[in-house]
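Participant: A predicted structure for the sequence below; I have some questions about it.
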Amino acid sequence: MPNREGTPTLTRSTKNKLIAGVAGGLGEHFSVDPLIFRILFLVLAFSNFPAVIVYLALWVLIPIENSHKRDFDKAVKETIDEMTDTAKNLGNDVRQSANSSESRILLGVMAILATAYWFRAFDWFHNFCSWDMFFAAMLIILGIILIFKKS
């Protein structure tokens, strides 16, 4: 939505949103694919940059598209209510997907890989057994779990 000078106003997108519409709004404002901002936030989240805090601050400070709230306190309260609803919905989605068999398999494989990485950091592990034997044992255990697991 352009302002009086004709430049687009920075708002959170309602059409192009995954979580809060921050990346979608930034993409629309700067005429760039929002995927660039999503990747940027993701990469910065794994660095020393406080990307999650910046994202949450932008979520609160940037108004939602088509919002006519001029009172800052009311707009912030509305945004915090939206954040609460989004967190509840996200929690329900995670809870439902965690009950699927594909999720359990993925979590099991991730646990095995994390354990293998953790063991790799210790020199005593190399004296205990070889990597070939370790991965063979993990694959056998994973196969047994998949065969005998109740659906």
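Facilitator: Done, it's in.
Participant: can you tell me which helix or strand of this structure has the lowest average pLDDT?
Facilitator: Sorted by mean pLDDT, DSSP states H and E, the helices and strands of the chain end with helix 123-128, the least confident at a mean of 56.
Participant: and this structure, what are its domain boundaries?
Facilitator: The record's domain parsing of the chain by automatic domain parsing lists 22-98, 101-148.
Participant: rank those by pLDDT, which is bottom?
Facilitator: If the domains of the chain are sorted by mean pLDDT, domain 101-148 sits at the bottom with a mean of 67.
Participant: and stretch 19-27, how far out from the chain's middle?
Facilitator: Stretch 19-27 sits 14 Å away from the centroid of its parent chain (Cα atoms, centre = their mean, to the nearest Å).
Participant: hang on, the earlier thing: between the domains of the chain, which gets nearest to Lys15?
Facilitator: Smallest distance to Lys15 across the domains of the chain (Cβ to Cβ): 7.1 Å, for domain 22-98. Yep, even glycine has a C-beta here, placed from its N, CA and C like the rest.
Participant: can you give the distance of that closest one from its chain's centre?
Facilitator: The answer for domain 22-98 is 11 Å, by Cα atoms, centre = their mean.
Participant: coming back round to it: got the domains of the chain as TSV, with distance to Asn16 columns?
Facilitator: Below are those laid out as TSV (distance: least, Cβ to Cβ, whole Å):
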stretch	distance to Asn16
domain 22-98	3
domain 101-148	27
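Participant: excluding chain neighbours, what is closest to the residue nearest the centre of the chain?
Facilitator: Taking Cα atoms, centre = their mean, the centroid of the chain lies closest to Leu42, which sits 7.7 Å from it. Excluding the flanking residues, the one nearest Leu42 by Cβ to Cβ, 6 or more residues apart in numbering is Ala51, at 7.9 Å.
Participant: I figured the one you found hits Ile39, correct?
Facilitator: No: counting by Cβ atoms under 8 Å, Ala51 does not reach Ile39; the two are 11.2 Å apart.
Participant: these two: which is more packed in?
Facilitator: Ala51 (16 against 12; other Cβ atoms under 10 Å).
Participant: look up how far Asp71 lies from that one.
Facilitator: As judged by Cβ to Cβ, to the nearest Å, Ala51 and Asp71 stand 29 Å apart.
Participant: which non-adjacent residue is nearest Ser13?
Facilitator: Gly24 (3.1 Å).
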